[in-house]
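Fold the following for me, if possible:
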Amino acid sequence: MMDPSYRRELLSLIVNAGLEEDFIEWLRTQGVKHLYGQLDNIPEELLLAYIREKKLEDAGEDIEASSPEAPEEPDGGVYVRSKRR
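Now for the predicted structure:
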């Protein structure tokens with residue numbers, strides 16, 4: 001299981017790159033249909049795959065190898081503002 005703070009760090013890469021809408025669309029193509037603001041339940045494999053696909057990780061860094069272990073108690077949720085329609 002992925003450490004929540006590491007998950008937030010990866011999500012921050014996506015948000016800081018301005019790719020949150022692209023990420024949400026990409027998730028839909030991967031079969032994630034119900035996404036209402038909270039991103040804690042996205043499978044870590046999908047999160048890592050998107051980061052690799054968009055080449056957001058540091059050059060030469062193996063994301064999976066650098067992923068810290070999850071603590072016993074998660075320390076909160078990760079939210080991305082949804083686009084107003």
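
Buried residues in the helix ranked longest in the chain, which are they?
Within the chain, and with DSSP state H defining each element, the longest helix by residue count is helix 4-16. Of the residues in helix 4-16, 4, 6, 7, 8, 10, 11, 13, 14 count as buried by neighbour count, 16 or more other Cβ atoms under 10 Å. All C-beta atoms are positioned from the backbone trio N, CA, C, and that covers glycine.

now for that helix, which elements pack on it?
Counting contacts by 3 or more Cβ pairs under 8 Å, 6 or more residues apart in numbering; DSSP states H and E, the secondary-structure elements packed against helix 4-16 are helix 44-53.

If we use 6 Å, what do you get?
For helix 4-16, not one helix or strand is in contact under the criterion 3 or more Cβ pairs under 6 Å, 6 or more residues apart in numbering; DSSP states H and E.

Next secondary structure after that helix?
Next helix or strand after helix 4-16 toward the C-terminus (DSSP states H and E): helix 20-29.

how big is the angle separating that next one from helix 4-16?
Relative orientation of helix 20-29 and helix 4-16, computed by axes from the mean of the first three to the mean of the last three Cα atoms, to 10 degrees: 110 degrees.

Count the neighbours of the closest residue to residue 32 other than its chain neighbours for me.
Counting by Cβ to Cβ, 6 or more residues apart in numbering, the nearest residue to residue 32 once its immediate chain neighbours are dropped is residue 42, at 6.6 Å. For residue 42, the tally of surrounding residues (other Cβ atoms under 10 Å) stands at 18.
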